[in-house]
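S.K.: what shape does this take:
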Amino acid sequence: MLQIRELDTGYGKKQVLFGLSMAVRNGEVVAIIGPNGAGKSTVLKAACGLIPTWRGKIYFDGTMTNGSTPAQNVARGLTFAPQGNRVFADLTVMENLEIGGFRLPRKELRGRIAQVIEMFPILKDRAKQDAGKLSGGERQMLALARTLITKPKLLMLDEPSLGLSPNLVRSVFEKIAEINRDTGVTILIVEQKVREVLRVCSRVYSLKLGRLAFDGEPRELQDDKAKLKDLFL
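M.R.: All right, here's what the predicted structure looks like:
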């Protein structure tokens, strides 16, 4: 689904990723973990086209996407939900969902919204409410729902737990696992809540100072606290 080969990139003159190679297979939930500043979010931004590839190649669903715009990647089936529960606060929940599928024909959009609301029942009750008045957990559910309107092949999530209480964090990760199980969408998650994300992912990568430090199954880290601690030092 997604292949990254020998990727170098960064911001301005500051290099953040150094020769990074990784892959996400169809139907997987894959996590990227690591300390602050390791380059985790940069991977997602490069994959969706928000920042350029300096060196290396990125393939999505068999097509090389170097130089592609975010809009082109969305059309291919790759969506990105940035950190911070980002919604349009002055618009209603329904208007937020409509924006998620603004390129779709009206009839198809109505059908997609109906399907998504079935997955997020709380949004049906809040449909006419301004998104800015939702709780943190509800805003995160809305942000997730909006990304699903276009029926993506790959959903990339940047710290979906950010700013949420422990109970809400568990709810969000349960919903992520449900989305993967029920829709089959492939998911790539950047996350700091390591214990929670290891419970729902099938494979995990860890970065340190922009380089790959670990590539394996979550149980390898769940069963080895010393190794997990070392990855964050």
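S.K.: use CA for all of it now, contacts and neighbours both
M.R.: Will do.
S.K.: show me which residues of the longest helix along the chain are buried.
M.R.: Among the elements of the chain assigned as helix by DSSP state H, the one spanning the most residues is helix 166-183. Along helix 166-183, the positions that meet the burial threshold by neighbour count (16 or more other C-alpha atoms under 10 Å) are 168-169, 172-173, 175-177, 179-180.
S.K.: could you do stretch 117-131 as well?
M.R.: Along stretch 117-131, the positions that meet the burial threshold by neighbour count (16+ other C-alpha under 10 Å) are 117, 119-120, 123-124, 126-127, 129-131.
S.K.: related to what we said a few turns ago, from the chain's centroid, how far away is the longest helix of the chain?
M.R.: Taking the mean C-alpha point of helix 166-183 and that of its whole chain, the gap between them comes to 13 Å (C-alpha atoms, centre = their mean, to the nearest Å).
S.K.: outside of it, which residues touch it?
M.R.: Counting by C-alpha atoms under 8 Å, 6 or more residues apart in numbering, helix 166-183 makes contact with 27-29, 137, 140-141, 160-161, 185-187, 196-197, 200, all of which sit outside it.
S.K.: over to stretch 10-24?
M.R.: Counting by C-alpha under 8 Å, 6+ apart, residues outside stretch 10-24 touching it are 1-9, 30, 38-39, 42-43, 51, 54, 56, 188, 209-212.
S.K.: what's the distance between Phe80 and Ile187?
M.R.: Between Phe80 and Ile187 the distance is 10 Å, computed by C-alpha to C-alpha, to the nearest Å.
S.K.: so which of those two has more stuff around it?
M.R.: Between Phe80 and Ile187, counted using other C-alpha atoms under 10 Å, the more crowded position is Ile187 (26 against 22).
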